[in-house]
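> here is a sequence with its predicted model. Questions after.
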Number of protein chains: 2
Amino acid sequence: MSTLSYILLCMLVRKPCSGYELKQYINLFWEAHHSQIYTALNKLHEQGYVTVKIDPVHKQKKIYHLTEAGQLVVTDWFQEETNLPTQRDEFLAKVYVISLFNQEQAADLLQDRRHHYQKIQKQYQHKMQEYNLITDPTEKQKNLGRYLILKRRLMVCTTELEWCAWAQDILNRNQNQ
Amino acid sequence: MSTLSYILLCMLVRKPCSGYELKQYINLFWEAHHSQIYTALNKLHEQGYVTVKIDPVHKQKKIYHLTEAGQLVVTDWFQEETNLPTQRDEFLAKVYVISLFNQEQAADLLQDRRHHYQKIQKQYQHKMQEYNLITDPTEKQKNLGRYLILKRRLMVCTTELEWCAWAQDILNRNQNQ
DNA sequence: GACATCATGTAAGCTGTTACATGATTCA
DNA sequence: TGAATCATGTAACAGCTTACATGATGTC
């Protein structure tokens, strides 16, 4: 089974979801296009790890539920060795050759990065507020993992933004030498 | 041309390298297996973006040098829109479902993560020390980009470790409730 | 001389991206 | 009623992983 399939099963632990919803949430820890998600879900269905219920209102919408077999797969996987995160960041490759470029070009590159992290910082802050509104203890417990991940995302965003400011400062000093 | 090819050209800006060396350094911003790197280098050679010189001592070793055409490709690429970093981290998917598991299992998961970041933190600190030993201003300028990236890596490591400590603390409190 | 590491390459199979395709629902 | 969004799917192609394969160099 591919890693994506495990990721999807994990997401279904929290609550039953449609493929469309899974696509919206997955970026908390993974990346996949809808084409990949839909095919993986169909395969998980064949394998008996999920069941499908047609949404009574939106009849083209399929809600996937984790089966017991599916939950067992998740618990087994949890205890296996964890693969390291992928890290492919072409921005950093551009930073690597930044001394080839003038101050303006370098500043543009850094600014785009800053804008990106400012944007997703706001998104995650919003999601964090939603979590903080949960009062029911059972519901709060169920969302604990999601909370831990959101916090990490926010911390990483802050670090990225701090780095951008620091790097811009270094480049300015470098220029004035 | 694939992103990997651009990455390799960027790396050759700093100094000519063999495929083997590129493989060792690439993880600062990208991931690729040697099989992928060697085939990409052969293609870049065909395209005229690099030249090859056989190392006089190690005759099976091929040193790749960036050509003017290659440098032009890099400067053009620099100014194009930067793709966002990939983020696939199955550790986070495990954290997402952490409430399914007992305290010991959760602690094991976090400890592995902590060990990983402690390990690479040491590696980057070591590389940073190497940079700090450079006295020649031209050489220092050439390594500026590398320095900026190393600093970011170290900052991210610190954040990851801080998060691990914080998350463990949350889980402990959660247990004692 | 044995073993680790250096050094390069090919190929099959799997994963991920992009493009094509269709239809329902919601809201102005 | 037109446009945006919701919702699902297939297929071709590109990129990545894993396994196989070979030989040189350095060192105990």
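Structure received.

> please list the residues of chain A that sit near DNA strand C.
A:2-4, A:31-33, A:35-36, A:57-60 (CB under 7 Å from any atom of the strand). Using the backbone N, CA and C atoms, a C-beta is placed for each residue, glycine as well.

> and the furthest pair within these?
For these, the farthest-apart pair by CB to CB is A:Thr3 and A:Val57; their separation is 32.6 Å.

> so those two - more neighbours on which side?
Legend: neighbour count by other CB atoms under 10 Å in any protein chain shown for A:Thr3 and A:Val57, higher for A:Thr3 (14 against 6).

> give me the pLDDT for that one.
Model confidence at A:Thr3, expressed as pLDDT, equals 98.

> contacts for the lowest-mean-pLDDT helix or strand in chain A, please.
None of the helices or strands of chain A scores lower by mean pLDDT, DSSP states H and E than helix A:137-142, at a mean of 90. Helix A:137-142 has contacts (CB atoms under 8 Å, 6 or more residues apart in numbering or on different chains) with A:14, A:134, B:99, B:174.

> can you point out the buried residues in that helix?
For helix A:137-142, a neighbour-count test (16 or more other CB atoms under 10 Å in any protein chain shown) marks A:Lys142 as buried.

> ok, then the element right after it?
Sequence order places helix A:144-175 as the next helix or strand after helix A:137-142, per DSSP states H and E.

> buried residues of that following helix, list them for me.
A:144-157, A:159-161, A:163-164, A:167-168, A:171.

> any idea how far it is from the chain center?
Chain-centre distance of helix A:144-175: 16 Å, with CA atoms, centre = their mean, to the nearest Å.

> what's the angle from it to helix B:144-175?
Counting by axes from the mean of the first three to the mean of the last three CA atoms, to 10 degrees, helix A:144-175 lies at 160 degrees to helix B:144-175.

> elements contacting helix A:144-175?
With contacts taken as 3 or more CB pairs under 8 Å, 6 or more residues apart in numbering or on different chains; DSSP states H and E, helix A:144-175 sits against helix A:103-132, helix B:90-96, helix B:144-175.

> follow-up on the earlier one: just the ones of the residues of chain A next to DNA strand C in helices?
In helices, judged by DSSP state H, the following of the residues of chain A next to DNA strand C are found: A:3-4, A:35-36.

> nearest to B:Gln103 among the residues you listed?
Checking these against B:Gln103 by CB to CB gives A:Thr3 as the nearest, at 25.9 Å.

> can you put the contacts of helix A:137-142 in a markdown table and add secondary structure?
Shown next, in a markdown table, are the contacts of helix A:137-142 (DSSP: H, G, I helix; E, B strand; the rest coil):
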| residue | secondary structure |
| --- | --- |
| A:Arg14 | helix |
| A:Ile134 | coil |
| B:Ser99 | helix |
| B:Asn174 | helix |
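
> buried ones among these?
In the contacts of helix A:137-142, burial by neighbour count holds for A:14, B:99, counting by 16+ other CB under 10 Å.

> what's the lowest-pLDDT member of the contacts of helix A:137-142?
For the contacts of helix A:137-142, the pLDDT minimum is B:Asn174, 86.

> tell me how far that one lies from B:Ile98.
10 Å (CB to CB, to the nearest Å).

> hey, what's in contact with both of those two?
A:Leu144.

> just the closest of the contacts of helix A:137-142 to DNA strand C, please.
Nearest to DNA strand C among these, counting by CB to the nearest atom of the strand, is A:Arg14 at 21.0 Å.

> in contact with the residue positioned nearest the centre of chain A, which residues?
Centroid-nearest residue in chain A: A:Leu28, 2.0 Å away (criterion: CA atoms, centre = their mean). Listed by CB under 8 Å, 6+ apart, the contact partners of A:Leu28 are A:146, A:149-150, A:153, B:92, B:96.

> what about the helix or strand A:Leu22 falls within, distance to the chain center?
Using DSSP H and E, A:Leu22 sits within helix A:19-25. Its chain's average C-alpha position is 11 Å from that of helix A:19-25, according to CA atoms, centre = their mean.

> where does the prediction get shaky in chain A?
Low-confidence segments of chain A (pLDDT under 70): A:177.

> my guess is A:Tyr117 contacts A:Glu160, does it?
Yes - between A:Tyr117 and A:Glu160 a contact is recorded at 4.6 Å, counting by CB atoms under 8 Å.

> which residue sits closest to A:Phe91 in space, ignoring its chain neighbours?
Take A:Phe91 and drop its neighbours on the chain: the residue closest to it by CB to CB, 6 or more residues apart in numbering or on different chains is B:Thr82, 5.0 Å away.
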